[in-house]
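K.L.:
predicted model, plus sequence, below.
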Amino acid sequence: MDNKCIRVGIVNYLNTLPLLFGLEKMHNASKIVLIKNYPAAIADDLLNGNIDAGLIPIAMIPRLKQAYIIGNYCISSYDTVASVCLFSQVPIENITTVILDYQSRTSVQLVQVLMKQFWKKEVTYLTAKQNFIADIKGNTAAVIIGDRALENLNYYNYCYDLAEAWMQMTSLPFVFALWVSNKELPAEFIAAFDAANAEGLQYIEQIVQAQNYTAYDLQKYYTQNICFTMDDARRKSVELFLSLSDGFSA
């Protein structure tokens, strides 16, 4: 495959900016075509063949006819992740309904796993509509992901960090998204792609300063919440989550 034809889907959230740093250079050099969207849409594009590789929610991997994990970079947590949370006005024991963020695939499965396995609760799940955040009231909670989660951390009585709950349940860090292709890609491309992912991790301070973001401390986010590299514990976590989430809707 000609590298110039490789279409790469990337999530347009703050959490991917360090990975985008080098990938934008590949895009500008016409070595890849970058397509930005939210996680569920990127997953659908890969499933439908509209892109060749993407940073997709791990929950979507079993749905691909062919799935090749490429490179050594990901979006995962250390302990708390801050940007994937269950928001509520009442404590977990009083929640009866959970709205599932339409931008997510993995996180909506994760909350279902946690409700059953960790919090030992049965609730009603609703698919989110536009402006669903306004429906967080009474006994109705909602999963919010990405930048919107960071911007709502201080607005609700209760905020349950889903990565933190997973860590408490399993003693493993959680992996939200991996680079996956739907076809075999050339080894030389994967090496260059990996190097591009790595480049931005050397420029965290510059990336933070360029954003002028005030809703959350991005320096903390990129160094204490988000982990961008895979390891054995994270591979084990992916396997465990896929086994526990089988049968839950995404």
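P.N.:
Cool, got the structure.
K.L.:
what's the helix or strand bottoming out on mean pLDDT in the chain packed up against?
P.N.:
Of the helices and strands making up the chain, the lowest-confidence element is helix 39-47, at a mean of 88, by mean pLDDT, DSSP states H and E. If you count contacts as 3 or more C-beta pairs under 8 Å, 6 or more residues apart in numbering; DSSP states H and E, helix 39-47 packs onto strand 7-11, strand 33-37, strand 53-57, strand 175-181. Using the backbone N, CA and C atoms, a C-beta is placed for each residue, glycine as well.
K.L.:
if we go to 10 Å?
P.N.:
strand 7-11, strand 33-37, strand 53-57, helix 106-117, strand 175-181 (3 or more C-beta pairs under 10 Å, 6 or more residues apart in numbering; DSSP states H and E).
K.L.:
tell me which of the ones you listed is the most buried.
P.N.:
Among these, strand 53-57 has the highest mean neighbour count (mean count of other C-beta atoms under 10 Å), at a mean of 28.
K.L.:
please point out which parts of stretch 67-81 sit buried.
P.N.:
In terms of neighbour count (16 or more other C-beta atoms under 10 Å), stretch 67-81 has its buried residues at 67, 70-71, 73-77, 80-81.
K.L.:
determine which two of the residues you listed are furthest apart.
P.N.:
Greatest spatial distance among the buried residues of stretch 67-81 (C-beta to C-beta): A67 and T80, at 28.5 Å.
K.L.:
next, count neighbours for L172.
P.N.:
Residues near L172, counting by other C-beta atoms under 10 Å, number 19.
K.L.:
how's the protein carved up into domains?
P.N.:
Per the record, the chain has its domains at 3-78+173-245, 84-170, by automatic domain parsing.
K.L.:
and the pLDDT at the most centrally placed residue in the chain?
P.N.:
Computing the C-alpha centroid of the chain and ranking residues by C-alpha atoms, centre = their mean puts F176 first, at 4.0 Å. Looking at F176, its pLDDT is 95.
K.L.:
ok, it to D231 distance?
P.N.:
Distance, F176 to D231, by C-beta to C-beta, to the nearest Å: 15 Å.
K.L.:
measure how buried T96 is and give me the count.
P.N.:
Residues near T96, counting by other C-beta under 10 Å, number 13.
K.L.:
begin at 52, not 1, for the rest of this chat.
P.N.:
From this message on, residue numbering opens at 52, which makes the last subject T147.
K.L.:
against K87, how distant is it?
P.N.:
36 Å.
K.L.:
how about S288: what's its closest non-neighbour residue?
P.N.:
Distances taken as C-beta to C-beta, 6 or more residues apart in numbering place L223 nearest to S288, at 4.0 Å, with adjacent residues excluded.
K.L.:
same question, L97
P.N.:
For L97, ignoring the flanking residues on the chain, the nearest one in space by C-beta to C-beta, 6+ apart is G105 at 4.6 Å.
K.L.:
in this structure the one you found contacts N99, no?
P.N.:
No - using C-beta atoms under 10 Å, G105 is not in contact with N99; the gap is 11.2 Å.
K.L.:
between the two, what contacts are shared?
P.N.:
Listed contacts common to G105 and N99 are N233; contacts here mean C-beta atoms under 10 Å, 6 or more residues apart in numbering.
K.L.:
contacting residues around L137?
P.N.:
Going by C-beta under 10 Å, 6+ apart, L137 touches 143, 146, 149-150, 158, 161-162, 165-166, 170, 187, 192-195, 200, 207, 209-213, 216.
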